[in-house]
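>>> sequence plus predicted model, see below.
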Amino acid sequence: MKADLSKLERAFNPKVLAVVGDSGFFQWLRSSENFNGKRYSVQVNPKTIAQIEEMGVENYTSLLDIPEPVDLAIVTVGRKYALQILEDCIKKDVAAAHFFTAGFAETDTEDGIDLERALTTRAIEAGFHLIGPNCMGIFNPAVGLRQNMGQYVGTTGPIGFISQSGTHAINFSLEAHLQGMDISKSVSFGNGTVLDSAEYLDYFGRDDTIKVIGMYLEGVRDGRRLLEVLREVSSKKPVVVWKGGRTEGGSRAVASHTGSLAVSQTIWTSAMKQGGAIPVLGMDELIDTLKALFYLKPVYGDRVVLAGGSGGQSVAITDAFTETGLEVPSLSQESFDKFEEFFTVIGGSYRNPIDTGNPNRAQMKRIIEIIEHDSNTDNIVMLMNASGAGPPGMDDQRDSDIKAIAEMRNRTSKPVMVCLQLTMLPRVIADARTIVKELQDKGIPAFTSLERGAVALRNALDYYKYRQA
């Protein structure tokens with residue numbers, strides 16, 4: 001069903017929320033406790049009603065009795081009541097309903113399949129915007145609408161995220177947040193029987209608060225429609241897609257998760273590239289690629305200058321970037337001549353990668369100025385150590401390096417990024433989070449490994465090549 005975007009706008013930015021059938025731990029009423037609009041409950045059990053009212057939430061025994069228009073209903077009743085609640089949503093003219101309720105076609109049972117068919121048919125017949133069923137619904141931290149109590153509220157970011165999996169939607173929001181990338185709007189749509197991925201992509205493509213879009217998909221009901229929307233949206237903003245069920249075993253898991261049909265990975269990847277999307281293989285690559293596409297200046301060349309490492313780091317970083325299909329060329333003779341004026345080659349090298357070594361660390365600002373203007377390279381990658389257990393003065397040197405890198409980023413037209421070297425010690429990880437935030441506050445994407453940074457840069461280049469073509 002093609003969506004009414006005005007109704008989706010009401011659902012993603014609701015002023016009135018109704019939670020239908022919540023009980024027990026009250027997952028949905030608790031998750032919406034920071035909602036900044038008007039919140040109602042719909043429940044008929046007297047004992048449960050008393051608990052809801054103790055929480056300070058106004059309860060009605062029917063959705064139809066709520067005394068004002070409802071923008072979004074969260075439906076968490078047993079599946080045998082799903083059709084009845086849908087009818088109430090239609091009569092009440094609710095803008096959209098998120099059906100957390102599960103037990104439909106994903107069960108591969110006759111009852112589940114029949115019930116899903118009836119729910120879908122009635123919703124489409126009425127032109128009703130049903131999100132799901134079998135999903136975690138909408139996350140909009142700016143208005144306090146959450147899929148899970150562990151998610152953040154009161155802020156917003158550049159990402160739109162569309163996911164068939166509720167778990168992936170929640171985990172993505174939390175991990176991206178730790179990586180310095182916050183959500184503007186996210187949706188988990190589960191079985192997607194009425195509104196499929198293309199409808200959410202169309203809506204996100206028109207939302208100016210969303211700068212980059214990530215997707216986790218297990219299947220698609222209308223491939224032609226998705227491809228059409230992908231082409232339109234990717235011409236305006238990047239779309240990065242992670243496909244679940246790439247293997248035979250994964251396809252079986254997909255069928256029992258959201259009831260999606262298996263799609264050949266070769267066909268899928270080809271279709272995504274035709275539509276201008278960037279296909280990725282997992283959550284880390286998804287987050288890294290979105291980060292690169294949001295922060296980096298347009299990537300038009302594959303030549304990379306690497307600087308800041310030492311010894312074996314220089315070898316590893318060269319391998320990491322070269323193995324993704326990028327080039328690590330020799331610098332220009334002009335650059336070599338400038339390095340010869342001051343660079344200490346004992347324990348270091350300026351043959352790209354620039355192996356700074358300890359003697360040259362104090363000259364980092366001068367090194368940066370040379371590589372910034374080198375004519376043989378298109379992209380600049382700096383390597384930094386995230387260890388919080390270094391010798392006295394290391395933090396001062398790091399602060400100086402960050403300042404110099406930020407100044408270069410603001411001067412040059414070349415994309416500039418940082419890869420962090422870190423060990424899995426709590427102090428070092430905490431230090432890395434701080435460095436990532438400091439860099440990204442200055443517009444410089446930072447990645448927690450050489451390999452992650454290399455793949456992200458390669459994916460960004462693929463996107464801009466598509467845009468040029």
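Sure, I can see it. Numbers count the residues shown, from 1 in each chain.
>>> C-alpha only now, for contacts and for neighbours.
Noted.
>>> low-confidence regions, the stretch 351-469 of the chain specifically.
Across the stretch 351-469 of the chain, the ranges flagged by pLDDT under 70 are 387-395, 425.
>>> where along it do the strands fall?
354-355, 379-385, 416-421, 446-447 (DSSP state E, counting those that start in this stretch).
>>> pick the most deeply packed of the ones you listed.
Highest mean neighbour count of those: strand 446-447, a mean of 27 (counted as mean count of other C-alpha atoms under 10 Å).
>>> returning to that earlier point: TSV for the strands of the stretch 351-469 of the chain, including distance to residue 163?
Below are the strands of the stretch 351-469 of the chain laid out as TSV (distance: least, C-alpha to C-alpha, whole Å):
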stretch	distance to residue 163
strand 354-355	41
strand 379-385	32
strand 416-421	28
strand 446-447	24
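>>> so what's the closest residue to residue 336 other than its chain neighbours up against?
Nearest residue to residue 336, sequence neighbours excluded (C-alpha to C-alpha, 6 or more residues apart in numbering): residue 350, at 7.4 Å. By C-alpha atoms under 8 Å, 6 or more residues apart in numbering, residue 350 lies in contact with 336, 339, 343, 356.
>>> restricted to buried residues, select the residues you listed in ChimeraX.
Of the contacts of residue 350, the buried ones go into a single ChimeraX selection, burial set by 16 or more other C-alpha atoms under 10 Å:
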select :336,339,343,356
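>>> now do the contacts for residue 164.
135, 188-192, 216-218, 258.
>>> what about the nearest residue to residue 244 once chain neighbours are set aside, how many neighbours?
Once flanking residues are discounted, residue 244 sits nearest to residue 218: 4.8 Å by C-alpha to C-alpha, 6+ apart. Number of residues near residue 218 (other C-alpha atoms under 10 Å) recorded here: 27.
>>> same check, this time on the one 5 residues further on
Summarising burial for residue 223: neighbours were counted as other C-alpha under 10 Å, giving 14.
>>> from residue 243, how far out is it?
Distance, residue 223 to residue 243, by C-alpha to C-alpha, to the nearest Å: 14 Å.
>>> next one: residue 362
As judged by C-alpha to C-alpha, residue 362 and residue 243 stand 46 Å apart.
>>> higher neighbour count, those two?
Taking other C-alpha under 10 Å, residue 362 and residue 243 do not tie; residue 243 has more neighbours (18 against 13).
>>> distance of that one relative to residue 278?
According to C-alpha to C-alpha, residue 243 and residue 278 sit 11 Å apart.
>>> what does residue 286 give?
9 Å.
>>> now for these two: what residues contact both?
Common neighbours of residue 286 and residue 278 (C-alpha under 8 Å, 6+ apart) are 240-241.
>>> with adjacent residues omitted, what lies nearest to residue 5?
residue 203 (6.4 Å).
>>> a helix runs through that neighbour, doesn't it?
Yes. Membership of residue 203 in a helix is supported by DSSP: H, G, I helix; E, B strand; the rest coil.
>>> burial check on it, number of neighbours?
Around residue 203 there are 17 residues (other C-alpha under 10 Å).
>>> just the pLDDT for it.
Note for residue 203: predicted pLDDT of 98.
>>> got any ranges where the chain has weak pLDDT?
245-262, 311-312, 387-395, 425.
>>> now do the domain split for it, please.
Using automatic domain parsing, the domain parsing of the chain gives 1-134, 135-295, 298-468.
>>> most tightly packed of those?
Highest mean neighbour count among the domains of the chain (mean count of other C-alpha under 10 Å): domain 135-295, a mean of 21.
>>> from the middle of its chain, how far away would it be?
Domain 135-295 has its C-alpha centroid displaced from the chain centroid by 7 Å (C-alpha atoms, centre = their mean, to the nearest Å).
>>> end to end, how far does stretch 69-79 reach?
End to end - C-alpha to C-alpha - stretch 69-79 spans 25 Å.
>>> which among the contacts of residue 350 gets closest to residue 110?
residue 356 (66.7 Å; C-alpha to C-alpha).
>>> residues in contact with that closest one?
Contact analysis of residue 356 by C-alpha under 8 Å, 6+ apart lists 307-310, 347-350.
>>> list the contacts of stretch 206-222.
For stretch 206-222, the surrounding residues in contact (C-alpha under 8 Å, 6+ apart) are 157-165, 168, 184-185, 196-197, 204, 226, 237-245, 254, 258, 260-263, 286, 290, 293-294.
>>> next one: stretch 145-153
Contacts with stretch 145-153, where a contact means C-alpha under 8 Å, 6+ apart, come from 27-28, 30-32, 34-35, 136-144, 170, 173-174.
>>> just those residues: which are in strands?
Taking DSSP state E, the ones among the contacts of stretch 145-153 that sit in strands are 137-139.
>>> format these as CSV; extra columns: distance to residue 316.
Below are those laid out as CSV (distance: C-alpha to C-alpha, whole Å):
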residue, distance to residue 316
137, 42
138, 41
139, 39
